[in-house]
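A.B. asks: Prediction below, plus the sequence it came from.
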Amino acid sequence: MIFYFTATGNSKYAAEKLQAAFGGSMEDIAVAVRNGSLKYRIPEGETLFFVFPVYYYDVPKIVREFIEKADFEGEDTPVCAVGTCGSSSGRCDRTMARLIKAKGMNFKAFYQVVMPENYLAMFRVPLPEEQIMILRRSDRELNDIVDDIKFGFRMGRKSGLAGRTGSALAQIVYRNGRPTKKFYADDSCISCGICQTLCVFDVIKIAGNGKPAWTKDRCAHCMACISRCPKQAIQYGSGTKKKVRFINPSLK
């Protein structure tokens, strides 16, 4: 069984690769949280996977809280996790090991897959040609992960002291940051409402003028709204107007 969380499709893409190799059902964590689905029976002989994007070098809050609250039934089920990221997964391995062991489950390994960057609020998204090359490399990384899992989880990623320290500092910034005040929809907005539908945390509401409004001071900064707007109408300050957007082929 594969649980995944995705905003622009990278983690869904990775989850589909794992499903193709190992079978089992795929469960969208965002949908599960919205529906209150928190009890699962893991079929005998299956590996339990968690696949998610790395946020500020750690596991996203929605994934952490889902694991903490959910009830996973299955005797001695092996568990592993895959984090998709633009550069580094920081201390995700430590965080996942702690979460899974607290559930009394058998945590085997954490793996990192570098995929196209999508954090428009801070970074440049690769150009389309670069995206293709990065995705090709990620395919090779995913194939290596599949092989490693089949041969006993031998090559899981383990973070060093520098990575763990960087993660701790980055998480302080993340907890105190993530402002929504810079988000807005420009005149190309067609009032389709897709951004509201995509917002996992119900931050976006369509206002009386037909444009989206961000109703809370902070959000997850998952970039689903800005990246998947069909008209590229959503901006974050003045720095995103000319930036390339990225949507993984799994969502197209």
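C.D. replies: That came in fine, so what should we check first?

A.B. asks: and the closest residue to Gly90 other than its chain neighbours, what does it touch?
C.D. replies: Leaving aside its sequence neighbours, Gly90 sits nearest to Tyr57 (Cβ to Cβ, 6 or more residues apart in numbering; 2.6 Å). In short, each C-beta sits where N, CA and C put it, glycine included. Contacts for Tyr57 (Cβ atoms under 8 Å, 6 or more residues apart in numbering) come out as Ser88, Ser89, Gly90, Arg91, Cys92, Gly163, Gly166, Ser167, Ala170, Gln171.

A.B. asks: So Asp148, which state does it fall into?
C.D. replies: Recorded secondary structure, Asp148: helix (DSSP: H, G, I helix; E, B strand; the rest coil).

A.B. asks: Sort out for me which of the contacts of Tyr57 are in strands.
C.D. replies: Of the contacts of Tyr57, none are assigned to strands by DSSP state E.

A.B. asks: Where does Glu141 sit, in terms of helix or strand?
C.D. replies: Element membership of Glu141, judged by DSSP states H and E, is helix 128-150.

A.B. asks: quick revisit: pLDDT score for the residue nearest to Gly90?
C.D. replies: On the pLDDT scale, Tyr57 is placed at 89.

A.B. asks: about what we covered before: of all the contacts of Tyr57, which comes closest to Ile134?
C.D. replies: When these are ranked by distance to Ile134 (Cβ to Cβ), Ser88 comes first, at 14.5 Å.

A.B. asks: That closest one is in contact with Gly163, isn't it?
C.D. replies: Yes. Counting by Cβ atoms under 8 Å, Ser88 does reach Gly163; the two are 6.6 Å apart.

A.B. asks: what ranges of the stretch 151-252 of the chain fall below the confidence cut-off?
C.D. replies: 252 (pLDDT under 70).

A.B. asks: Could I get the full set of helices for it?
C.D. replies: 161-176, 194-198, 224-228 (DSSP state H, counting those that start in this stretch).

A.B. asks: Give me the distance from the first one to the chain's centre.
C.D. replies: The offset between the C-alpha centroid of helix 161-176 and the centroid of the whole chain comes to 18 Å, using Cα atoms, centre = their mean, to the nearest Å.
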